[in-house]
Each structure stands twice: as structure tokens, then as C-alpha cells.
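>>> pasting the sequence and the predicted coordinates here, then a few questions.
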Amino acid sequence: MTPTTRIYVDADACPVKDEIYRVAERHRLPVSVVAGNFIRVPNDPLIERIAAGSGMDAADDWIAERAQKGDIVVTSDIPLAARCVKAGADVIAPNGKPFSEESIGMTLAVRNLMTDLRSSGEVTGGPRSFSPRDRSAFLSALDQTIRRIQRARDQK
């Protein structure tokens, strides 16, 4: 029996949790909603709430230790994305941008550069605000990723 795809959600600042729940229900996929502390989730047997603890990167560590090939991770945290891509998981940002082996190195380098610039006092601005277009792109990316994983499993 092939393992089921699980969706891991880095939930503390995730703006697309409701969309994830709807897509997961349609595909009958389990979801692990991981946060540092308590977070409200729907009462659904497919959705598990994980309070990973308040330690630095506790939620990230919990996800990174479990995500594997065939799983999907939803996060905007670039270091977590890098860890999960390395483990073979598909990783999607809440704006629909996929993180891949090809893109994660440059994405991590740019993130580190921006962190260095901010720490030296450079004003770099923050991320742009989340838009309806981002939500739509995310839904499309999540659905496409699930279908691609399912096709690959069906061909085995």
C-alpha cells in the first residue's frame, strides 16, 4: 500500500488555512496544522492540531522531522522550506510560489542577504501584502501539486 500524502501547515502566520482545509477535504488528505502553541482548527478527523511548543523553531523542527517525499508543506519560512525540499517534500508558499531544489538555494541566499542588510540598518521594506490573486495562485498550486503526486503514485 502506498503511503498517503500528508499536508503539513506552518500555521502561525499562514493566511490560507481555510483553503487548505477545503482542498484536503476534497482529496481526503490528512492535514497536520503545526503551531508554537494552541491554534483553532475545524473538528474533522483528517485535521490534526499540533502545539509544537514555544521554543525557537519548535514548529519548524516538528515539520522538518516528519515531511518526506510525497508530502506537501505549506510555509513562507525559507529555512524550513529548504529543509523540507531537501527531505523530498513538495513545498508551497501561501502565495502559491513553489520552492524546489532548483530555486531554494537562490531564495535562501537572497533571504540571508536581506537579513544582513536589515541588521546593518538598511531599510529594505517588508513583504508585499497578501492579495486575492495570491490566494487564487495558492489554490491552483496546491491542487496541481496534489494531482501530480497522485499521478506519480498511480504509475508505480
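Happy to help now that I have it. Numbering: from 1, shown residues only.

>>> check which residues of the longest helix along the chain are buried.
Secondary structure of the chain per DSSP state H: the longest helix is helix 132-154. Residues of helix 132-154 classed as buried by neighbour count (16 or more other CB atoms under 10 Å): 134-135, 137-139, 141-142, 145-146, 149. From N, CA and C alone the C-beta is placed, and that goes for glycine too.

>>> quick check: Ile7 touching Pro30?
Yes. Using CB atoms under 8 Å, Ile7 is in contact with Pro30, at 7.3 Å.

>>> my guess is Ala24 meets Ile47, correct?
Yes. Contact criterion CB under 8 Å: Ala24 and Ile47 qualify, at 7.4 Å.

>>> just want the most central residue of this protein.
Closest residue to the average C-alpha location of the chain: Val74 at 1.4 Å, with CA atoms, centre = their mean.

>>> once you drop chain neighbours, what's closest to that residue?
Once flanking residues are discounted, Val74 sits nearest to Val9: 5.0 Å by CB to CB, 6 or more residues apart in numbering.

>>> separation between the one you found and Ser120?
33 Å (CB to CB, to the nearest Å).
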